[in-house]
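J.: Any chance you could fold what I've pasted below:
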Amino acid sequence: MPLGEQPRPLTSSTAQTNRPESNRNHWLFSVDPHNYHWDTLFVKGKEMWRGAGSRPDALRQLKHVRRGDRVLCYHAAPERALYALAEVTRDPYPDPHDPEEKSLVADLRALERLPRQVSLTELRANPGLRKMKFLKNVRLIISSVSDEDYQEILRMAGIVASPGLPLP
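T.: Below you'll find the model as predicted:
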């Protein structure tokens, strides 16, 4: 966060959840902004996310995603930055548009755009995030994010918890 800029506290609408925080997992979903821009999710509010495609590594990860999990929305090149937060509203299911029934999709609900985007360069420069799987292989479409890494990323984006309200 730039010097002098104050982190923004959460609002009660941001803190709503479908799943208790202790049972919630965190994920990073990466998309090519030329093919899908996270603003699309914000325009629609809720959408079936088909970003895993037929990539075996992405499909393996998507099978572990559950309703209520939080998603850090990342734009790959040219932006290379975390953009927003979303929530999984439905466990992964077969893609209805895939005639071979090999792909999975998950429904996402837009939560909020980050107060400030966090670039890949900033993520890599943070020593607290050095074990993050995504930073070891930025070609991953879906990557799990530890609770500690998730909290640090939110802090970097300018989101802090308010008394009585958990982080999104």
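J.: how deep is residue 101 tucked in, by neighbour count?
T.: Other residues within reach of residue 101, judged by other C-beta atoms under 10 Å, total 9. C-betas here are computed from N, CA, C, even on glycine.
J.: Over to residue 35?
T.: Neighbours of residue 35 (other C-beta under 10 Å): 8.
J.: again, but for residue 34
T.: Neighbours of residue 34 (other C-beta under 10 Å): 10.
J.: Can you tell me how far it is from residue 149?
T.: Counting by C-beta to C-beta, to the nearest Å, the gap from residue 34 to residue 149 is 27 Å.
J.: Over to residue 29?
T.: In terms of C-beta to C-beta, residue 29 sits 15 Å off from residue 149.
J.: Repeat that for residue 133.
T.: In this view, residue 133 and residue 149 are 9 Å apart by C-beta to C-beta.
J.: Looking at the two, which has the bigger crowd around it?
T.: residue 149 (23 against 14).
J.: Format the CA atom coordinates belonging to whichever helix or strand the more buried one is part of as CSV.
T.: Per DSSP states H and E: residue 149 is located in helix 147-157. C-alpha atoms of helix 147-157 as CSV (Å, rounded to 0.1, in the frame of the first residue of the first chain):
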residue,chain,number,x,y,z
ASP,A,147,-5.1,-18.5,5.3
GLU,A,148,-2.0,-16.5,6.2
ASP,A,149,-1.2,-15.7,2.6
TYR,A,150,-4.8,-14.6,2.0
GLN,A,151,-4.8,-12.3,5.0
GLU,A,152,-1.5,-10.8,3.9
ILE,A,153,-2.8,-10.2,0.3
LEU,A,154,-5.9,-8.5,1.6
ARG,A,155,-3.7,-6.3,3.8
MET,A,156,-1.5,-5.4,0.7
ALA,A,157,-4.7,-4.6,-1.2
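J.: Would you mind giving the secondary structure of the closest residue in space to residue 57 that isn't next to it in sequence?
T.: Nearest residue to residue 57, sequence neighbours excluded (C-beta to C-beta, 6 or more residues apart in numbering): residue 140, at 6.9 Å. Secondary structure assignment for residue 140 (DSSP: H, G, I helix; E, B strand; the rest coil): coil.
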